[in-house]
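> Sequence and predicted model, in that order:
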Amino acid sequence: MFTIARLTFLEVLRKKVFFVTAILSVAFVFLYGLALDFTAQEMLRMKAMRGAPLMMQQMIGNQLLGAGLYFSSFLIALLSMLASVGSISAEIENGLLHAIVSKPMRRREIILGKFLGYGSMLSVYAVALYLAVLALNSHYHPGVFSLATTRDLTFGAFIFVLQPLVILGVALVLSTVFRTLTAGIVSIILYGLGMVGGFLEQIGSAIANAKLVSIGIATSLLMPSDALYRKIIAVVTGSEANPLSVLSLGPFGVSAPPSNAMLVYVMFYVLISVGLAMYIFERKDL
């Protein structure tokens with residue numbers, strides 16, 4: 001199992017999709033840093049001229065932090081899907097997996113090895129992006145973390161890492177059921193549904209529309225990636241305790257942060273996904 005994990009980790013590093021995503025991530029961090037720098041300079045100019053209200057600083061800071069974490073989450077999801085969606089199906093199609101399963105190794109060990117290999121790489125990548133976004137915001141807009149403690153930021157990193165693991169679990173299940181192209185399309189659709197559902201839930205909560213909230217919760221249960229993002233924002237900005245947070249919702253804010261029960265659900269979601277992938281793969285006719 002650990003041999004499969006090590007080989008999978010090294011295999012991902014050699015894939016073109018990892019190289020391309022790494023370049024896109026560096027470009028994103030650079031452009032994001034420029035945007036924060038320009039915004040900080042503009043805030044200083046406004047403060048010198050007539051004084052920038054605390055409310056405006058809080059609103060802009062929260063939106064910029066939310067935008068950074070949102071697009072970082074998107075990059076992580078992109079790498080998770082493209083790298084792992086063919087983890088089983090592609091190796092069945094090219095015949096490589098036939099040589100592996102002929103060895104004295106249980107099929108469940110292959111799935112667990114794949115999950116550990118992809119999961120460890122994605123976790124390192126996610127933590128690096130998370131720290132980069134937080135470091136830039138801490139330099140240009142330190143006030144956005146005024147209500148967050150070190151424990152909150154560490155907790156946020158844990159939640160951020162859960163995002164690619166959720167997508168990885170789903171990708172493994174789809175890769176054992178469908179061909180690579182089909183699995184990729186289905187995983188993208190599920191991720192898109194999670195995004196739309198998250199927006200609907202936030203809008204429904206803001207306008208007190210129970211139907212929209214119910215639709216959003218249902219899609220979050222199906223694909224909880226967006227719910228994790230909303231939880232991260234609530235944790236790192238202290239939205240629940242921040243009296244100004246209601247004025248800085250916007251597209252990247254959160255009006256109704258998910259509870260800790262959602263995190264428990266997500267951890268079970270990942271475990272069940274891996275278990276289902278093992279169950280299907282053990283009974284799959286190669």
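Now that the structure is in, tell me what you want to look at. Residues are numbered from 1 along each chain as shown.
> any idea which element Gly117 lies in?
helix 107-140 (DSSP states H and E).
> same thing with Phe71?
Taking DSSP H and E as the criterion, Phe71 maps to helix 54-84.
> Tell me the helix or strand right after the helix holding Gly117.
Tracing the chain C-terminally past helix 107-140 and defining elements by DSSP H and E, one meets helix 150-177 next.
> and whatever helix or strand comes next after that next one, how far from the chain's centre?
The C-terminal neighbour of helix 150-177 among helices and strands, as given by DSSP H and E, is helix 180-206. On the basis of CA atoms, centre = their mean, to the nearest Å, the separation between the geometric centre of helix 180-206 and that of its chain is 12 Å.
> In helix 180-206, which residues are buried?
Buried residues in helix 180-206, counting neighbours by 16 or more other CB atoms under 10 Å, are found at 180, 183-184, 186-187, 190-191, 193-195, 197-198, 200-202, 204-205. For the C-beta atoms, the positions are set from N, CA and C on the backbone; glycine is no exception.
> what mean pLDDT does that helix have?
For helix 180-206, mean pLDDT is 84.
> relative to helix 54-84, how tilted is that helix?
160 degrees (axes from the mean of the first three to the mean of the last three CA atoms, to 10 degrees).
> For the helix or strand following helix 180-206, which helices and strands make contact with it?
For helix 180-206, the succeeding helix or strand toward the C-terminus, using DSSP H and E, is helix 210-222. Secondary-structure packing of helix 210-222 (3 or more CB pairs under 8 Å, 6 or more residues apart in numbering; DSSP states H and E): helix 180-206.
> can you state the direction angle for the helix it packs on and helix 210-222?
150 degrees.
> Counting by contacts, list what helix 180-206 packs against.
Using 3+ CB pairs under 8 Å, 6+ apart as the contact definition, the elements that helix 180-206 packs against are helix 54-84, helix 89-93, helix 150-177, helix 210-222, helix 225-237.
> Tell me which residue lies nearest the centroid of the chain.
Most central residue of the chain, judged by C-alpha distance to the mean C-alpha position with CA atoms, centre = their mean, is Gln163 at 3.4 Å.
> if I read this right, that residue contacts Ala227, doesn't it?
No: judged on CB atoms under 8 Å, Gln163 makes no contact with Ala227 at a distance of 9.9 Å.
> Overlap in contacts, those two.
Between them, Gln163 and Ala227 share no neighbouring residue, with contact defined by CB atoms under 8 Å, 6 or more residues apart in numbering.
> if we can go back for a sec, format the helices and strands packed on helix 180-206 as a markdown table; extra columns: mean pLDDT and distance to Tyr32.
Conversion of the helices and strands packed on helix 180-206 to a markdown table gives the following (pLDDT from 0 to 100; distance: least, CB to CB, whole Å):
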| stretch | mean pLDDT | distance to Tyr32 |
| --- | --- | --- |
| helix 54-84 | 82 | 5 |
| helix 89-93 | 73 | 33 |
| helix 150-177 | 91 | 16 |
| helix 210-222 | 83 | 26 |
| helix 225-237 | 86 | 16 |
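> right, so those: which one is the most enclosed?
helix 225-237 (a mean of 26; mean count of other CB atoms under 10 Å).
> So which elements touch the helix holding Gly117?
Counting contacts by 3+ CB pairs under 8 Å, 6+ apart, the secondary-structure elements packed against helix 107-140 are helix 2-14, helix 16-49, helix 54-84, helix 96-101, helix 150-177, helix 260-282.
> Quick one: closest of the ones you listed to Asn137.
Distances from Asn137 to each of the helices and strands packed on helix 107-140 were compared by CB to CB, and the smallest falls on helix 54-84, at 5.0 Å.
> what helices or strands is the closest one leaning on?
Using 3+ CB pairs under 8 Å, 6+ apart as the contact definition, the elements that helix 54-84 packs against are helix 16-49, helix 107-140, helix 150-177, helix 180-206, helix 225-237.
> Okay, angle between the second one and helix 225-237 too, please.
Angle, helix 107-140 to helix 225-237, by the same axes, to 10 degrees: 40 degrees.
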